[in-house]
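Enquirer: Build the 3D model from these lines:
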Amino acid sequence: MSETTSGDGKTIAIVSYLWLVGWVIALIMHNNNKTELGAFHLRQTLGLMILWFVVWVINIVLALMDIVFVGWIFSLALFVLWLLGFIGAIQGEKKLIPVLGEQFQDWFKGIG
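Expert: You can find the predicted model right below:
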């Protein structure tokens with residue numbers, strides 16, 4: 001799914017990737033001016049933030065087991081997913097994040 005859009009939706013999409021504070025600001029902006037692109041990236045970013053929390057917990061457990069290297073791999077993979085989503089937002093495109101992007105759109109379809 002790839003569609004190019006511009007305007008306020010693109011601003012909302014970009015701001016949503018600026019972690020929790022940016023996501024909340026983007027959600028407020030989106031509620032004032034709903035766009036398909038903004039909603040798409042809000043859902044993608046929410047999924048990434050939840051995934052980031054899960055990876056953080058896993059990394060704590062792995063650190064307790066002295067398997068820190070595996071946690072670094074998870075963190076790096078998550079950063080790459082975030083970067084791909086952020087680049088899509090900058091380009092004003094609705095590009096699904098690999099692996100879980102479609103599920104994020106389905107799970108958080110109430111945002112929109």
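Enquirer: quick one: secondary structure of K109?
Expert: The three-state label for K109, taken from DSSP: H, G, I helix; E, B strand; the rest coil, comes out as coil.
Enquirer: For it, what are phi and psi?
Expert: Main-chain dihedrals, K109, degrees, to the nearest 10: phi -60, psi -10.
Enquirer: Mind pulling up the pLDDT for the residue lying closest to it once chain neighbours are set aside?
Expert: Of all residues not flanking K109 in the chain, R43 sits nearest, at 7.3 Å (CB to CB, 6 or more residues apart in numbering). C-beta coordinates here come from the backbone N, C-alpha and C atoms, glycine included. You'll see R43 listed with a pLDDT of 96.
Enquirer: Surely R43 forms part of a helix?
Expert: Yes - counting by three-state DSSP, R43 falls inside a helix.
Enquirer: how about it, what does it touch?
Expert: R43 sits next to 104-105, 107-109, 111-112 when contact means CB atoms under 8 Å, 6 or more residues apart in numbering.
Enquirer: Let's see that with 7 Å instead.
Expert: 104-105, 108, 111 (CB atoms under 7 Å, 6 or more residues apart in numbering).
Enquirer: Let me have the residues you listed in TSV, adding distance to S16 and neighbour count as columns.
Expert: Listed next are those as TSV, based on distance: CB to CB, whole Å; neighbours: other CB atoms under 10 Å:
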residue	distance to S16	neighbour count
F104	12	24
Q105	14	20
F108	12	17
I111	10	18
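Enquirer: which residues of this structure score low on pLDDT?
Expert: Low-confidence segments of the chain (pLDDT under 70): 1-7.
Enquirer: let's go with 50 and repeat that
Expert: For the chain, applying pLDDT under 50 flags the ranges 1-6.
Enquirer: so where do the helices sit in it?
Expert: For the chain, the helices defined by DSSP state H occupy 8-16, 19-32, 36-64, 68-90, 101-107.
Enquirer: got the angle for the second one vs helix 68-90?
Expert: What that stands for is helix 19-32. 30 degrees (axes from the mean of the first three to the mean of the last three CA atoms, to 10 degrees).
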